[in-house]
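Undergrad: Sequence and predicted model, in that order:
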2 protein chains.
Amino acid sequence: MESPIQQYLEELLAEVQDLGSGAPYNVHPAGREPRPGDFGICLATVDGRVYSVGVADQEFSIQSISKPFSYGLALADYGFEAVDEKVDVEPSGDPFNQISLAQDTGRPANSMVNAGALAVAGMIRGGGGKSAVRRIVDTYSRSAGRKLSSSRSVFDVEIRQSDRNHALTYLLSSVGIIENDPTRALEVYLRQCAVQVSCRDLALMAATLANGGSQPLTGEQVFEIDVVERVLSVMMTSGMYDDAGAWVSSVGMPAKSGVGGGTLAVLPGQAGLAVFSPPLDGHGNSVRGLETCRRLSTDMEMHFVRSARSGRSAVQSTREISELPSRVRRTVEEAEVLEQHAHRARIVEVTGDLFFAGTESLVRAVSELDDSVGFVVLDLRQVYDAGQLARQMITGLRRQLAAAGRELVLVTGDDAPAVTAMDDDGPSGSPVTVYRGLGEAVEHCEDALLERYGDLPTATERVPVIDSPALALLPEADRQRLAELMERRFHEDGDVIRRVGQRFGGVHFIVAGRINTIATDPGGERVRLNTLGAGMSFGELALGTSDRQETTEKAVGDVELMVLTPEAIESLESEDPDLALQLWRALTRDAYTLVDRYLREAAVRLTY
Amino acid sequence: MESPIQQYLEELLAEVQDLGSGAPYNVHPAGREPRPGDFGICLATVDGRVYSVGVADQEFSIQSISKPFSYGLALADYGFEAVDEKVDVEPSGDPFNQISLAQDTGRPANSMVNAGALAVAGMIRGGGGKSAVRRIVDTYSRSAGRKLSSSRSVFDVEIRQSDRNHALTYLLSSVGIIENDPTRALEVYLRQCAVQVSCRDLALMAATLANGGSQPLTGEQVFEIDVVERVLSVMMTSGMYDDAGAWVSSVGMPAKSGVGGGTLAVLPGQAGLAVFSPPLDGHGNSVRGLETCRRLSTDMEMHFVRSARSGRSAVQSTREISELPSRVRRTVEEAEVLEQHAHRARIVEVTGDLFFAGTESLVRAVSELDDSVGFVVLDLRQVYDAGQLARQMITGLRRQLAAAGRELVLVTGDDAPAVTAMDDDGPSGSPVTVYRGLGEAVEHCEDALLERYGDLPTATERVPVIDSPALALLPEADRQRLAELMERRFHEDGDVIRRVGQRFGGVHFIVAGRINTIATDPGGERVRLNTLGAGMSFGELALGTSDRQETTEKAVGDVELMVLTPEAIESLESEDPDLALQLWRALTRDAYTLVDRYLREAAVRLTY
């Protein structure tokens, strides 16, 4: 099915196509005249989906859209302070090729006007066996996610028509802003302007900036976030020449235009936008590019004020661990201890990204927990990205909790790399407990609660089959008689006791050790359903489904079993129907104890 | 436990307190001299949590921080076009009290400098029995969430020392920007500047702007979002006088300062920040206010580029309805039809706010579903806020699906008011199906699938007890014999058949009609666990739990039952132990069929 967003872009293209004013830039190699009717729009999301309509893949010169990317490279090479000495960050209110520098320092107003871009080009050096131009083109290529190149023929015509830029370069040299050969700076600048890009390339370059500097398709970190922050800040007020305030008010996205017909805009955190349409207005901005940005800002709610409305609480819920018990089946006594002390362990479920708003709501939820909560499980599996603030604050929470004898447990999931760094110990010396799955984290809390509050037999204890809770309602003589009918079996760690698909193999009572029950989920993955301990039974489940095993049972450590085989049950039924009746009755009750537990769990789930 | 955010703010206060430069504004009533050491920081989230440190509740004059709020009132009163004719939106680069107007139109550069604010004050009229000043103070009060007032004594000293503002007012009048009595405009302006606020008030006023115009505590919509967008855009480039680019680069939040010592900053969608510290720098900005904003922007990741990194997919999962089956227990035949056709109905689970990024990922997920998916359930229960774009796009999806004979089903939950408006029919004429709960939506899809693909008996059909699946493995003579032991009972719609807490009342076989099983969740809410139909049985569950009913069973429409009472079971056990054995065996199998189903469901849940 065609996406409504694709449809919207097609309609927008048709509507904006009608704007016929403006004239293309008139400097180009013979035979490469821009076609005024060419028009393309591309929108790339931070996860790499590119919507494109119209002329999306035709190459044209990047021109001034190169400026923010070279500025980013210079900031990364030299740091903010050194670059700020050469070029300011203020909107100039001047045309792009204006010859005006600050009276005191000689600095160009910003890196988006030609003077500032020339100053930046003059700073960038070669390195690692690559020329300055090579390094610049590499940076653009890494941002676009494909190899780009600079056009020699475009450069050749541009350099013959660049008197004004020559003048600017010498002026910058005269005031010491360009420290080396001014003709070299001009050449670097004109070669970067001659890099050939498509509308699609520009959308992906914009998406790289939107994505905090990480290229959406390759995953490469092209720029660090502080560089991106600076570059987009300058683009916000100075990217579109003239009228910074009108741009922020009407579009509200950092953007950059180029006389080649390209316009690039960035919706931080969300998407990159590019437009290609050669006819320019008097300021050198693409007429259709401007209108497309205005329309998209309104129709697609991309203005920085509107798009940022996502600051709701990142905390989805806080609940007691009893609402999501681990898969370890507990004895009745253990279950009672856990029920009584469940309020001491709480799960705080967090979703979305952890920047200011998300971190604040997380910190608030944990801070406001009652002091009696000794175990705080932060379920971060739905957190995609987290900033330094989140790491600091979670470390702070951990220390405060640890100081009061309380414990912070993190659940990170398999795909939460941004958060796994949080298990850094740091100088505090109290390591944080980290699990990938929520089940393990809850199991950890349950074990800790049982150890602290339970006066219970240990997991290694034996439970003779006559003491099995499943048989508890039978008179001792009957239990004794049943035990005599059973086979004693031993298994070692990792032994498969029953395998999925096998026929009903009898009722297995665990005398000592633990058993993992393993099922296959609809995706074909093996999943541990639960863990059973001494005193519990298994194998009856096959009775429910054409006598076939639905799960695989595997020994965890040494295991001792008593098995009432199908043959023993059969002979019991013929020889002592009364006792057989009592057995089945007991098994029915045991089954319904399980059903009851699952229904209670389902009731909890239905409420959120 | 004290919040780490509170701790951070306390540390920040102590550090920034040391900045001793600057001097307080020197116009104030006798005896109300500002104390240079007073210093407070307040941070209010969009959901109304206020963190405050230092001098948070002492009142001072709002001064120029009034400007964005009066600008918002004028925009709401007259519309953008009329206000834009009087005042531009460009950063001026001039000091706040500069006398400079645009050469062609006479317009002040923006509404944040005195000239622009005077032009705005000149526009605002009384109405509804309230003076202009009253309406202005009301707007500030509604933004702060408490009644504010303008200080007469502050006004009296200000008006005696406002030669420059007098001059500006007459100049504005001379070029037609102020159309009525210029002295009246000046009085309105000086009275708005004399409104008394605390640091806490300012933080909440900022949070109102951050929250799209809705006051976090009262919930009142003080400004519409398009007004907020414009006000914050102008604050972004012109709120802090001079050096717009440096402010955007180093802080990146729309902000406004006042000579009273206040500084207000807005993190759109997330929080409002206010600082109170009287000593001012040469531009009239609070020295500690500036430094606090810079520190918070960095430390708390509040810069608009950094804070906006929350554009990950809003789609949490898409799954077949078979992974979250409805609570209607289906017959074996029905279950087979549903299993075979489950791929035709998919649940798309969406979380977070639906602005550009969220909407795009939702639309993408639905558009990319296979054409064989005839039912798309959009689970919007975790969506807090949605813009116009989301409504348009969901309407677009619905129409496209409907045109192909496919159906869109929305699940809105109880607390998703922002999304419920989406059930608007609109001009397309194909109403969208809306449910509050996911269970009902899945039930709707199951019923539709069964109707379309199943060749099954209808829900109204009778299933004689001897055909009950639970007894299917018994020979017919035994089933006949059991049927003879049962009591036939009839119930009407709404009858409570079994109530929670009652003793085991026998095994109930449904011959005709439907039963709802109702449990109480941990929060005390009644929850429908499942719906049972003809051929199914209930009541055995009490066997699992000390013979007590765990659930309440209620008739849905007319119901016919056959009940094997506890007394009948007892007499059967003594008179025909063989048959009793077969009965218990059948019930055990039936119980494990249920256990098996719950375990499979649990396995699915564990994988996400």
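TA: All right, it came through fine.
Undergrad: who touches the closest residue to residue A:218 other than its chain neighbours in this structure?
TA: In space, and not counting its chain neighbours, residue A:218 is closest to residue A:145: 5.2 Å by Cβ to Cβ, 6 or more residues apart in numbering or on different chains. (C-beta placed from N, C-alpha, C; glycine too.) Shown in contact with residue A:145 (Cβ atoms under 8 Å, 6 or more residues apart in numbering or on different chains): A:204, A:208, A:215-218.
Undergrad: give me that answer again for 10 Å
TA: A:44, A:48, A:200-201, A:204-205, A:207-208, A:215-220, A:222 (Cβ atoms under 10 Å, 6 or more residues apart in numbering or on different chains).
Undergrad: Equivalent analysis for residue A:289, please.
TA: Counting by Cβ under 10 Å, 6+ apart, residue A:289 makes contact with A:16, A:22, A:39, A:41, A:240, A:255, A:257-258, A:261-265, A:273-281.
Undergrad: Per-residue pLDDT of the closest residue to residue A:142 other than its chain neighbours, please?
TA: Distances taken as Cβ to Cβ, 6+ apart put residue A:222 closest to residue A:142, at 4.7 Å, once the chain neighbours are dropped. For residue A:222, the pLDDT comes out at 98.
Undergrad: Next: residue A:225.
TA: Looking at residue A:225, the pLDDT reads 91.
Undergrad: rewinding a little: you'd agree the residue nearest to residue A:142 is up against residue A:231?
TA: No. The pair residue A:222 / residue A:231 is not scored as a contact, 11.2 Å apart, by Cβ atoms under 10 Å.
Undergrad: Identify the contacts common to these two.
TA: What both residue A:222 and residue A:231 touch, as defined by Cβ under 10 Å, 6+ apart, is the set A:69, A:72-73, A:209, A:213.
Undergrad: Throw the residues you listed into CSV and include secondary structure and distance to chain B, thanks.
TA: Converted to CSV, these look like this (DSSP: H, G, I helix; E, B strand; the rest coil; distance: Cβ to the nearest Cβ, whole Å):
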residue, secondary structure, distance to chain B
A:69, helix, 16
A:72, helix, 13
A:73, helix, 17
A:209, helix, 9
A:213, coil, 10
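Undergrad: Mind picking the two most distant members of those?
TA: Maximum pairwise distance among the shared contacts of residue A:222 and residue A:231 (Cβ to Cβ): 12.9 Å, between A:73 and A:209.
Undergrad: more crowded one of those two?
TA: Remark: of residue A:73 and residue A:209, residue A:209 carries more neighbours, 31 against 24, as counted by other Cβ atoms under 10 Å in any protein chain shown.
Undergrad: So the closest residue to that one other than its chain neighbours: helix, strand or coil?
TA: In space, and not counting its chain neighbours, residue A:209 is closest to residue A:266: 4.8 Å by Cβ to Cβ, 6+ apart. What DSSP: H, G, I helix; E, B strand; the rest coil gives for residue A:266 is strand.
Undergrad: What is the burial count for residue A:266?
TA: Residue A:266 has 31 neighbouring residues, counting by other Cβ under 10 Å.
Undergrad: For it, give the beta-bridge partners.
TA: Beta-bridge partners of residue A:266, counted by DSSP bridges, are residue A:272.
Undergrad: Could you pull up the residues touching it?
TA: Residue A:266 neighbours (Cβ under 10 Å, 6+ apart): A:68, A:205-211, A:228, A:231-232, A:235-236, A:239, A:253-256, A:272-273, A:302, A:304, B:305, B:308.
Undergrad: Which ones among those map onto strands?
TA: Members of the contacts of residue A:266 lying in strands (criterion: DSSP state E): A:255-256, A:272-273.
Undergrad: Now which of the residues you listed would you call buried?
TA: Buried members of the ones in strands among the contacts of residue A:266, counted by 16 or more other Cβ atoms under 10 Å in any protein chain shown: A:255-256, A:272-273.
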